[in-house]
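In: Got a sequence here, can you model it:
(chains A and B)
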Amino acid sequence: MSEIILESRSINKNFHDPVTVQVLKDINFRVSKGEFVSVVGKSGCGKSTLLYILSTMDTDYTGELLIDDISMSGKTESELARVRNEKIGFVFQFHYLLNEFSALKNVMLPGLKLAKYSEQEVEHRAMELMKKLSIEQLALKKANQLSGGEKQRVAIARALINDPDIIMGDEPTGNLDKRNSEIVFDILKQLTIEFKQTMLIVTHDPEFAEKTQRVIEMEDGRIIKQ
Amino acid sequence: MNLRLIFSISKSLLLARLKQTVVAAVGVTFSITMFVTLLSFMTGLNIMLDGLILNRTPHVRLFNDIKPSKVQPIDASPEFKGDYNFISSIKSGAGRKEIYNSGAIMQQINSDERVLGLAPRINAPVFFNDGAIEITASINGVDVQEETRLFHFNEYVTTGNPIDLKNVSNSIILGKALAQKLLANVGDVVQLTTSQGERFPLKVVGYFESGLLDFDKTQAYASIGTVQKILGKDKSYVTDLQVKLKDILLAPEVAKEYAELFQTDAEDIQTANSQFETGSRVRSIISYSVGITLLIVAGFGIYNILNMMIFEKMETIAILKATGFAGIDVKRIFLTIAMTIGFVGGMAGLLFGFLLSSLIDQIPFNTAALPTVTTFPINYNIVYYFIGGIFSLITTYFAGFFPARKAGKVDPVVIIRGK
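Out: This next block holds a predicted model:
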């Protein structure tokens, strides 16, 4: 049952500006399919940096990253973009929706980019997802007309549109009030239970982490407990 | 790749900042409008000015110039053969001004493939007598039909019908300025005296205005037959043969060939009117450089606006990249935005350029020098619209290329972290 989705093999990363500082030191861990993992640690411990490496957006590291048993080393920028498009769903702290588009279009965009389904099908799937997250009434609103909690739920729907192998979150509840945080957490939880959706969430909220299946704790660029 | 998606994203980004987009497009529109109008107007003027001379000038003119004989008697003497002979005070020979054997020459020229047509002419100096006053002028014996066909003679005859020269015996068409000096109206009879002292009455059947006042003061036209009669010459007497070629560029070559073949002097249009060609080329260069400068300025406008837009859209770019759009997709999106601005602005520019030049075409432009022109001349040449359209796309492509490349290289991590 423990199929490995994400594997980090001795990943190291240095910042060179202004002086060389090693921010990640020999990171080794695996995430299995269906796991709900949270990464916790103090501000500056390197957990966000790690997430950007795992998400393939940051390629300036040593070590090896495998997603779905495929090494990400040596892939071109557009190949990595395709990996992100197909296999990774993102939820950020500041909900980053595109203000020029409606909520529905925001959800659809990664699906249209992947072009696995026709536009009508992508739209249909997007509507289904929004219904599931009970935000279908927001579909035609512009992104900048939504509240923080609503935006975050649209962002989750967007992360799900291409049936990703893993959803990565960077403090997805960091900017929300308690009630909205709970709603978002419940959604994430529900996704792991109902759809066996793998989750890797970076957070500094101990309450949030407590409720996840597995907690990876970081300090000074190292994993101290997992 | 998925072009439709890229177009739809570009469209949304464009419409989100409609005002900015419109400002950028208006810049392009303005420059293309000016480019098209300027070139149409400038080349219109060029064509008009060139036409003033070139339409009336034969491509090759055959004549016998007054000049000293190239071969002096001493050169023919066997005694001095091989020596350098210095002769002073040579006089021009009193040779005949007519073209020898003109009938045969005309026949041969007419059968030449390269020749569009041929008009013979007689040019003779005369005096017009008005009471005690004598006015020096020259009379041109012309073949009216050929002159009209080849050299637009009818366009310059502003009063009267040019064909009357042929139909009315002993008739003359006077330069307007000359007619004013002689106080001669159409239907009047004027007296003229040839250089041999023969006096002759001719009936005025019209006026012509060439656009060059000095020319109009001293020129008159009559039919070839009439001039032959005045001069007391036979039917084959012709002093000039004016040849119009199918291709004007062949003129120097043909002139050389004919000079050798027919033993006459031959002058080609390029030699006779070189200053006009230079003038029109300089005017074209000026209009093109002004037009292209305008386009480049518009290009910088687009460059600035796109650069600003990319700074504003950093988050959008980061999120597109994070959700799986590659650098090249982002680059294409911004390039599409630039090209859309260029295309829409350019098309509007072509339309406005056409409207503006049509407007200029309606402005009255009456000048005594140009009897056939009533409004400002505009040259509606589709080529300028092509150049304008293509150039608008090229400038916006380059103006968009660098900002778009920058957008493609945006590192999403920096943006997302920076928040």
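
In: measure the closest residue to chain A within the stretch 251-400 of chain B to A:Met130 for me?
Out: Nearest to chain A, among the residues of the stretch 251-400 of chain B, is B:Gly324, at 2.3 Å (Cβ to the nearest Cβ). For every residue, glycine as well, the C-beta is placed using N, CA and C. Distance, B:Gly324 to A:Met130, by Cβ to Cβ, to the nearest Å: 20 Å.

In: can you check A:Asn99 too?
Out: 18 Å.

In: Kindly report the same for B:Gln72.
Out: Distance from B:Gln72 to A:Met130, by Cβ to Cβ: 108 Å.

In: pLDDT weak spots in the chain?
Out: Just so you know, I chose chain A. Residues of chain A that meet the criterion pLDDT under 70 lie in A:1-2, A:95.

In: meant chain B actually
Out: For chain B (pLDDT under 70), the answer is B:1, B:94-95, B:368-372, B:418-419.

In: and it, which residues reach chain A?
Out: B:2, B:5, B:9, B:12-13, B:15-16, B:315-316, B:318-329, B:411-413, B:416-417, B:419 (Cβ under 8 Å from any Cβ of the partner chain).

In: and A:Ser78, what does it touch?
Out: Contacts were defined as Cβ atoms under 8 Å, 6 or more residues apart in numbering or on different chains; by that measure A:Ser78 touches B:326-328.

In: Contact partners for B:Thr395?
Out: Going by Cβ under 8 Å, 6+ apart, the list of residues near B:Thr395 reads B:28, B:295-296, B:298-299, B:302, B:342.

In: Tell me which of those fall in helices.
Out: Under the assignment DSSP state H, these contribute B:28, B:295-296, B:298-299, B:302, B:342 to helices.

In: Looking at B:Gln72 and A:Met130, which is more packed in?
Out: Applying other Cβ atoms under 10 Å in any protein chain shown to B:Gln72 and A:Met130 shows that A:Met130 carries more neighbours, namely 21 against 12.

In: contacting residues for the residue most central in space within chain B?
Out: The centroid of chain B falls nearest to B:Ile47 when counting by Cα atoms, centre = their mean (3.0 Å). Residues near B:Ile47 by Cβ under 8 Å, 6+ apart: B:377, B:379.

In: Check which helix or strand it maps to.
Out: helix B:18-54 (DSSP states H and E).

In: Could you check how far that helix is from the centre of its chain?
Out: Centroid separation for helix B:18-54 versus its chain: 18 Å, with Cα atoms, centre = their mean, to the nearest Å.

In: go on, stretch B:247-256?
Out: 18 Å.

In: care to break chain B down by domain?
Out: As assigned by automatic domain parsing, chain B contains the domains B:3-54+B:276-418, B:60-71+B:95-269.

In: Only the buried residues of the lengthiest strand in chain B, if you could.
Out: The longest strand of chain B (DSSP state E) is strand B:115-130. The neighbour-count check on strand B:115-130 (16 or more other Cβ atoms under 10 Å in any protein chain shown) flags B:115, B:117-124, B:126-129 as buried.
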